[in-house]
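Q: After the sequence you'll find the predicted model.
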Amino acid sequence: MDIPVRKSKRAKNMSIVVHSGGRWEVVVPALRGPSDRTIKRHVDNHRDWIEKQVDRMSREKERDTLCHGGVARSVVEEQTLQMIEATVLKMRRVHPVTIEKIRLGNWKRQWGSCSSGMTLGFHYKLSLLPTHLAEYIVAHELAHTTHFNHSKAFWELVERLCPNAKSCRKALRQFTL
């Protein structure tokens, strides 16, 4: 059996990753990674889980990948910042919030974040999403400035800021970064 192994500078421990489409791999630390024997034993111990996840991911619907085809990243970032600022101004009319800073990032699987210092972070490709989905993500992070959890009160605030939040959350699953 051929086990796909990827060495990662960021990995601290060995893990098994199953990607959409059903492809899987073992990710190991680049420095002082485990032996081939240890990797094989780890895969053998998780064989049932791997097969279950591969089956699930093989059946998963293909996602749309956001790409800015030839447009400079700086242009996309500027569009994203303008869209976020306009959305925040609109939502402040519904629920006044204090924000210290807005920053953009390039994460693999994260649309946004909110720190305890009231810094909102968003993926720089946010403006490439349909407007209502991008606004939902902004609403989600703004709600975290009041509720640092996903409680019932948090979701009620998200619904106040973005009345179609439930459908947006579901529709967002079709997109990947």
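A: Good, I have the coordinates.

Q: Only C-alpha atoms from now on, for both contacts and neighbour counts.
A: Fine.

Q: Quick one: the helices in this protein, in order.
A: Remark: helices assigned in the chain by DSSP state H are 36-45, 47-59, 73-92, 131-144, 152-161, 165-171.

Q: Switch those helices over to CSV; also include mean neighbour count, mean pLDDT and distance to Gly22.
A: CSV is the format used below for the helices of the chain (neighbours: other C-alpha atoms under 10 Å; pLDDT from 0 to 100; distance: least, C-alpha to C-alpha, whole Å):
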stretch, mean neighbour count, mean pLDDT, distance to Gly22
helix 36-45, 14, 94, 16
helix 47-59, 15, 88, 4
helix 73-92, 16, 95, 30
helix 131-144, 22, 96, 27
helix 152-161, 18, 96, 32
helix 165-171, 14, 95, 22
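
Q: does Leu126 really touch Ala134, like I thought?
A: Yes. Between Leu126 and Ala134 there is a contact under C-alpha atoms under 8 Å: 5.9 Å.

Q: what about the closest residue to Glu77 other than its chain neighbours, how many neighbours?
A: Excluding the flanking residues, the one nearest Glu77 by C-alpha to C-alpha, 6 or more residues apart in numbering is Tyr124, at 5.3 Å. When neighbours are counted by other C-alpha atoms under 10 Å, Tyr124 registers 22.

Q: What distance do you get for Tyr124 to Ala139?
A: Counting by C-alpha to C-alpha, to the nearest Å, the gap from Tyr124 to Ala139 is 16 Å.

Q: and the gap between Trp107 and His123?
A: 7 Å.

Q: ok, the most centrally placed residue in the chain to Ser20 distance?
A: Centroid-nearest residue in the chain, with C-alpha atoms, centre = their mean: Gln110, separated by 2.2 Å. Applying C-alpha to C-alpha, the value for Gln110 to Ser20 is 16 Å.

Q: do the same with Cys168
A: The gap separating Cys168 from Ser20 is 21 Å, by C-alpha to C-alpha.

Q: Then Tyr136?
A: 24 Å.

Q: relative to its centroid, which residue of this structure is most remote?
A: Distance from the centre of the chain peaks at Arg37, with 33.5 Å (C-alpha atoms, centre = their mean).

Q: Thanks a lot, catch you later.
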